[in-house]
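*Asks:* Sequence and computational prediction follow.
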Amino acid sequence: MSDKTALPVGAEAIRDKGYWLAYRFLILRRASQAFFLSLFLLGPWFGIWWVKGNLSGSLTFDFLPLTDPFIALQGMVAGHWPELTALIGAVIVGVTYALIGGRVYCSWVCPINPVTDAASWLHRKLDLPKGWQPKRGTKYFMLAMVLGVSVLTGTVAWEFVNPISMLHRGLIFGVGFAWALVLGVFMFDLLLARRGWCGHLCPVGAFYVLLGSKSLLRVTAQKRAACDDCMDCFAVCPEMQVITPALRGKDADTPLILSPDCTNCGRCIDVCSVDVFHFTHRFDETPAPGRVRDRTNPAPKVGKAA
């Protein structure tokens, strides 16, 4: 372990870049999530119906349809062809996330993300064991199972238990089963499987991984030669396995994080005190020399102190 790995996560970034640059993407993500959620609550709470519906399907200003393509797909395999407006909405949303990254939905829009992030933060603070880690392919099994149940039952099956929709209903109708399900997701990530829901089980995330597999927006470790092995990026990344090929690749290896599991959350950019990472596009071919490290001081293999 180096001296740097003993520091709290983000301490160097705050010291060298200031609080805003050390947390800007986290703050912007929370603002984005609050913004989208508030649009759907303006009507039920205050009678301001700029947006009617929820994240599954909505109509904005009475003319712009937006439909979750995963919901539309379930409807179609269940034998219910969507109306033209819903189909147009699904195309709009689908093309958008295909371009900017499917899992941008997970980190910038989904209201369950703050719940699982809070569980991960508390997990680190309490220094709890990592716990059970389902295989990463489990979420694709969940995706296939949801579609299979939709086929067999002729329903949009996931909507019966979708924590995203449940959270929305809980905010409108109050305490009930909806909040119990959201609390269940929080406790699952806190006590049973660290980052287990979003990273390993959620079929919505699996769908958006596939949708955004060739997206344009990417993070690059272009300045990887400056990496000082502080390990902060690994500590904050919800899908830490995506960082290694880009950060620790050789000169000939691309510094782009091309894995569709990357959520483009920007936290690695925030916490890096030497600005190794930044956003770019998937066709960026800017040279990025590999790291030159002292062989007597190998990269640490342990996690950061919380």
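*Replies:* In hand now; what should we look at? On a predicted model such as this, the values are computed, not experimentally measured, just so you know.
*Asks:* nearest residue to Cys262 other than its sequence neighbours?
*Replies:* Val242 (4.7 Å; CB to CB, 6 or more residues apart in numbering). In short, each C-beta sits where N, CA and C put it, glycine included.
*Asks:* Packing partners of the helix or strand of the chain with the lowest mean pLDDT?
*Replies:* Lowest on mean pLDDT, DSSP states H and E among the helices and strands of the chain sits helix 163-173, with a mean of 87. The helices and strands touching helix 163-173, judged by 3 or more CB pairs under 8 Å, 6 or more residues apart in numbering; DSSP states H and E, are helix 19-46, helix 177-187.
*Asks:* List just the one of these that sits closest to Asp251.
*Replies:* Of all these, it is helix 19-46 that lies closest to Asp251, at 28.2 Å by CB to CB.
*Asks:* so that closest one versus helix 163-173, what angle?
*Replies:* 60 degrees (axes from the mean of the first three to the mean of the last three CA atoms, to 10 degrees).
*Asks:* now the helix or strand just after helix 19-46: how far from the chain's centre is it?
*Replies:* For helix 19-46, the following helix or strand on the C-terminal side (DSSP states H and E) is strand 51-54. For strand 51-54, the gap between its own C-alpha mean and the chain's C-alpha mean amounts to 22 Å (CA atoms, centre = their mean, to the nearest Å).
*Asks:* What of stretch 84-92?
*Replies:* Taking CA atoms, centre = their mean, one finds stretch 84-92 lying 24 Å from the centre of the chain it belongs to.
*Asks:* again, but for stretch 261-280
*Replies:* 13 Å.
*Asks:* Would you indicate which residues of it are buried?
*Replies:* Residues 261-274, 276-277, 280 are the ones in stretch 261-280 that count as buried (16 or more other CB atoms under 10 Å).
*Asks:* Of the residues you listed, which belong to strands?
*Replies:* Among the buried residues of stretch 261-280, the residues falling in strands (DSSP state E) are Thr280.
*Asks:* Sketch out the low-pLDDT regions of this structure for me.
*Replies:* 1-6, 175, 292-306 (pLDDT under 70).
*Asks:* Okay, helices next: where are they in it?
*Replies:* 11-17, 19-46, 69-77, 84-100, 104, 113-125, 138-153, 163-173, 177-187, 196, 203-211, 232-236, 243-247, 267-271 (DSSP state H).
*Asks:* Tabulate those in CSV, adding columns for distance to Ile257.
*Replies:* Formatted as CSV, the helices of the chain follow (distance: least, CB to CB, whole Å):
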stretch, distance to Ile257
helix 11-17, 19
helix 19-46, 14
helix 69-77, 24
helix 84-100, 14
helix 104, 13
helix 113-125, 19
helix 138-153, 19
helix 163-173, 25
helix 177-187, 26
helix 196, 22
helix 203-211, 14
helix 232-236, 10
helix 243-247, 5
helix 267-271, 8
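*Asks:* Can you check which of those gets nearest to Phe63?
*Replies:* Across the helices of the chain, Phe63 has its closest neighbour in helix 84-100 (9.5 Å, CB to CB).
*Asks:* Can you name the residues in contact with the closest one?
*Replies:* 57-59, 64-69, 71-72, 82, 104-105, 208, 211-212, 214-217, 264 (CB atoms under 8 Å, 6 or more residues apart in numbering).
*Asks:* From those residues, keep the buried residues only.
*Replies:* Restricting the contacts of helix 84-100 to buried positions leaves 57-59, 65-69, 71-72, 82, 104-105, 208, 211-212, 215, 264, with burial counted as 16+ other CB under 10 Å.
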